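>>> okay, structure incoming, though there's no sequence with it:
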């Protein structure tokens, strides 16, 4: 039995929630997945999963084995990275998580150019606005735009994200344009549920200025607020990379361009520096170079 492959199958079963889903993800027959699991349990001399026709759950031994299996797979990735580095070639898989807006406005282009340069690298993208546990989900890298990172994460700042205040031509025609930042207090401001819900901060010629804002729509993702702004519902604070094409097309109007909303850091977050593979290190460097050379950041 290839014990390492059996552990990979076991971890995939747990993460995907069933033997069938694991087989599909691994491009392997369900019979082969079942055989790997059975051989691993035989070698461990214990049952790792409680299995019924409708559910699957870890035994106490399975929980311990899962943690160790993940560590072994991470070490195997590290060893593969050293081997690939010696061959002057990058090879392997990266699992990356980022919000939908980051993926669409920036990440997919960076991934496309990276895999074109290194065709033996494959990348699995998990698009979500939720915070993901990197270890439990076997995520190699998370890309987040924030100024409030938890103290227990390992991160590298890739750059800074500018934001803009914008609204649709329809909204401006019906409500007029704000002439200064304090005028925003009289407009319907579309706000983030978790960031700047009641106050927006700006940097101008005379320093920092804050304005209290109100609005009838808030959301936890910029995509929802962007859709509301395009529908003429109000004024929105948006990441510049996400709206540049809309500003260029005239679908949105850049308001108060002499005032710069507070910038946010663009961070690459990963589980540990000790087990960083050459593929992961190369991709983070690629992201940093991409942001540095891009005019939209």
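On my side now, so go ahead. Quantities reported herein were computed from a predicted structural model and do not represent experimental measurements.

>>> so what's the most centrally placed residue in the chain bridging to?
For the chain, the residue lying nearest the average C-alpha position, counting by CA atoms, centre = their mean, turns out to be residue 98 (1.1 Å). When bridges are assigned using DSSP bridges, the partners listed for residue 98 are residue 127, residue 143.

>>> next: residue 199.
Beta-bridge partners of residue 199, as defined by DSSP bridges: residue 212.

>>> measure how buried it is and give me the count.
Look at residue 199: counted by other CB atoms under 10 Å, it has 10 neighbours. To be clear about C-beta, it is placed using only N, CA and C from the backbone, and glycine gets the same treatment.

>>> do residue 169 as well
By the criterion of other CB under 10 Å, residue 169 has 12 neighbours.

>>> circling back to that earlier point, surely the residue nearest to the centre of the chain meets residue 144?
Yes. Counting by CB atoms under 8 Å, residue 98 touches residue 144, with 7.4 Å between them.

>>> now do the helices for the stretch 101-250 of the chain: every range, in order, please.
Using DSSP state H, counting those that start in this stretch, the helices of the stretch 101-250 of the chain run over 108-117, 169-175, 222-230, 240-249.

>>> tell me which of those is the most buried.
Among the helices of the stretch 101-250 of the chain, the stretch with the highest mean neighbour count (mean count of other CB atoms under 10 Å) is helix 222-230, at a mean of 20.

>>> rewinding a little: tabulate the helices of the stretch 101-250 of the chain (JSON lines), appending mean pLDDT and distance to residue 265.
JSON lines is the format used below for the helices of the stretch 101-250 of the chain (pLDDT from 0 to 100; distance: least, CB to CB, whole Å):
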{"stretch": "helix 108-117", "mean pLDDT": "95", "distance to residue 265": "17"}
{"stretch": "helix 169-175", "mean pLDDT": "97", "distance to residue 265": "30"}
{"stretch": "helix 222-230", "mean pLDDT": "94", "distance to residue 265": "16"}
{"stretch": "helix 240-249", "mean pLDDT": "93", "distance to residue 265": "14"}
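
>>> CSV for the ones you listed, including distance to residue 48?
CSV is the format used below for the helices of the stretch 101-250 of the chain (distance: least, CB to CB, whole Å):
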stretch, distance to residue 48
helix 108-117, 34
helix 169-175, 58
helix 222-230, 40
helix 240-249, 44
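
>>> residue 25 belongs to a strand?
No. Counting by DSSP: H, G, I helix; E, B strand; the rest coil, residue 25 is located in no strand; its state is helix.

>>> give me the pLDDT for it.
In the prediction, the pLDDT value recorded for residue 25 is 85.

>>> quick check: it vs residue 138, distance?
Between residue 25 and residue 138 the distance is 12 Å, computed by CB to CB, to the nearest Å.

>>> who touches both of the two?
Common contacts of residue 25 and residue 138 (CB atoms under 8 Å, 6 or more residues apart in numbering): none found.

>>> the two: which is more packed in?
residue 138 (17 against 14).

>>> pretty sure that one sits against residue 15.
Yes. Using CB under 8 Å, residue 138 makes contact with residue 15 at a distance of 6.7 Å.

>>> low-confidence ranges in the chain?
Judged by pLDDT under 70, the chain has its weakly predicted residues at 1, 77-88, 151-152, 194-196, 273-275.

>>> domain parsing of it, as residue ranges.
According to the domain assignment given by automatic domain parsing, the chain is divided into the following structural domains: 3-83, 93-156+265-293, 163-262.

>>> who's sitting farthest from the centroid in the protein?
Computed with CA atoms, centre = their mean, the maximum C-alpha offset from the centroid of the chain is found at residue 45, amounting to 39.0 Å.

>>> quick one: it from residue 65, how far?
Distance, residue 45 to residue 65, by CB to CB: 12 Å.

>>> start to end distance for stretch 117-128?
End-to-end distance of stretch 117-128 (CA to CA, to the nearest Å): 27 Å.

>>> contacts for that stretch, please.
Residues outside stretch 117-128 that contact it (CB under 8 Å, 6+ apart): 89-100, 103, 107-108, 111, 114-115, 132, 137, 139, 279, 282-283.

>>> what sits against residue 187?
Contact partners of residue 187, counting by CB under 8 Å, 6+ apart, are 175, 178, 213, 234-235.

>>> as CSV, those residues with distance to residue 187 would be great.
Conversion of those to CSV gives the following (distance: CB to CB, whole Å):
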residue, distance to residue 187
175, 6
178, 6
213, 8
234, 7
235, 5
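
>>> pick out the most distant pair among those.
Across the contacts of residue 187, no pair lies farther apart than 175 and 213, at 14.2 Å, counting by CB to CB.
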